[in-house]
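S.K.: Got a predicted structure plus its sequence, pasted below:
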Amino acid sequence: MSKAGRLVVLVSGSGTNLQALLDAAADPKFGANVVAVGADRDGIEGLARATRAGVPTFVEKLRDHPSRQAWDAAIAAKIAKYEPDLVVSAGFMKILGTPTLERFTVLNTHPALLPSFPGAHGVRDALAHGVKVTGCTVMLADAGVDTGPIVAQEAVAVLPDDDEATLHERIKTVERSLLVEIVGRMAREGWSVIGRTVRIGNQSEGESK
Ligand code: GRF
């Protein structure tokens, strides 16, 4: 069974999920610390949040590399430098390649109830489809787009007057607490993965990473 004391968090934007993890980790009882924050672009609030919290940051831009494979290797090397027990992709808008996925467990968060509405526009796509209930999903990352084993989900009702922004804000409120709850439990209780089933806490058998 794996445990997660050291977290590397990856961000591409405002970083409110990161902030929720930073706030939770301020309590030693949480069981995990954010040891570094990585991004695929400069000048984002997510990096500023890390800096304000005194957490080291790194940026690996795709355009600074001759190929996607070179970027995959470079970001894996940056992550590895901080020896994380768990990598949290929290609003990181890139699919991580095998150099990261083979070496680390990566937890991902998505603003829809997978397997519905994967990809970069989960909120917009759910609204356009006319669903009455959507939500958020915390899952392990694999090589696909939001296809990894699901760890936890929570539903959010779609209101008649919702637009993408209002719905996303309500989802993010739920998403932040779910992410904090799951990361904390993984850190304190450990986890294991059997096929597509992720178990947090004690269990008698199974493979672990
Ligand atoms: C979250 O809803 C995440 O699931 C999605 O983008 C949002 C990131 O928000 N991919 P933030 O950067 O944590 O505020």
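M.R.: On my side now, so go ahead.
S.K.: Mind listing what's buried along the lengthiest helix in the chain?
M.R.: Longest helix in the chain by number of residues, with DSSP state H as the criterion: helix 164-189. Within helix 164-189, the residues that count as buried by 16 or more other C-beta atoms under 10 Å are 167-168, 170-172, 174-176, 178-180, 182-188. All C-beta spots, glycine's among them, are computed from the backbone N, C-alpha and C.
S.K.: show me the contacts for the closest residue to residue 146 other than its chain neighbours.
M.R.: Residue nearest to residue 146 in three dimensions, not counting chain neighbours: residue 118, with 3.6 Å by C-beta to C-beta, 6 or more residues apart in numbering. Applying C-beta atoms under 8 Å, 6 or more residues apart in numbering to residue 118 gives the contacts 110, 112, 145-147.
S.K.: For residue 141, give me its contacts.
M.R.: Counted by C-beta under 8 Å, 6+ apart, residue 141 has contacts 89, 95-96, 101, 106-108, 148.
S.K.: And for residue 57?
M.R.: So residue 57 contacts 36-39, 47, 50-51 (C-beta under 8 Å, 6+ apart).
S.K.: From residue 77, how far out is the nearest residue to residue 112 once chain neighbours are set aside?
M.R.: Ranked by C-beta to C-beta, 6+ apart and with sequence neighbours excluded, the top spatial neighbour of residue 112 is residue 122, at 3.5 Å. Computed as C-beta to C-beta, to the nearest Å, the residue 122 to residue 77 distance reads 30 Å.
S.K.: State the three-state secondary structure for residue 34.
M.R.: What DSSP: H, G, I helix; E, B strand; the rest coil gives for residue 34 is strand.
S.K.: do the same with residue 126
M.R.: Put simply, residue 126 is helix when judged by three-state DSSP.
S.K.: Please enumerate the strands of this protein.
M.R.: Applying DSSP state E to the chain gives strands spanning 6-11, 33-39, 57-59, 86-89, 106-110, 133-140, 150-157, 191-194, 197-200.
S.K.: which one of those strands lies closest to the ligand?
M.R.: Across these, the ligand has its closest neighbour in strand 106-110 (4.5 Å, C-beta to the nearest ligand atom).
S.K.: and the closest one, what other elements does it pack with?
M.R.: strand 86-89, strand 133-140, helix 164-189 (3 or more C-beta pairs under 8 Å, 6 or more residues apart in numbering; DSSP states H and E).
S.K.: Would the longest one count as contacting the ligand?
M.R.: Yes - applying C-beta under 6 Å from any ligand atom, one finds helix 164-189 in contact with the ligand at 172, 175.
S.K.: want to try JSON lines for the strands of the chain, with mean pLDDT and distance to the ligand as columns?
M.R.: As requested, the strands of the chain are exported to JSON lines (pLDDT from 0 to 100; distance: least, C-beta to the nearest ligand atom, whole Å):
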{"stretch": "strand 6-11", "mean pLDDT": "98", "distance to the ligand": "6"}
{"stretch": "strand 33-39", "mean pLDDT": "98", "distance to the ligand": "10"}
{"stretch": "strand 57-59", "mean pLDDT": "98", "distance to the ligand": "14"}
{"stretch": "strand 86-89", "mean pLDDT": "98", "distance to the ligand": "9"}
{"stretch": "strand 106-110", "mean pLDDT": "98", "distance to the ligand": "5"}
{"stretch": "strand 133-140", "mean pLDDT": "98", "distance to the ligand": "7"}
{"stretch": "strand 150-157", "mean pLDDT": "98", "distance to the ligand": "11"}
{"stretch": "strand 191-194", "mean pLDDT": "95", "distance to the ligand": "20"}
{"stretch": "strand 197-200", "mean pLDDT": "96", "distance to the ligand": "18"}
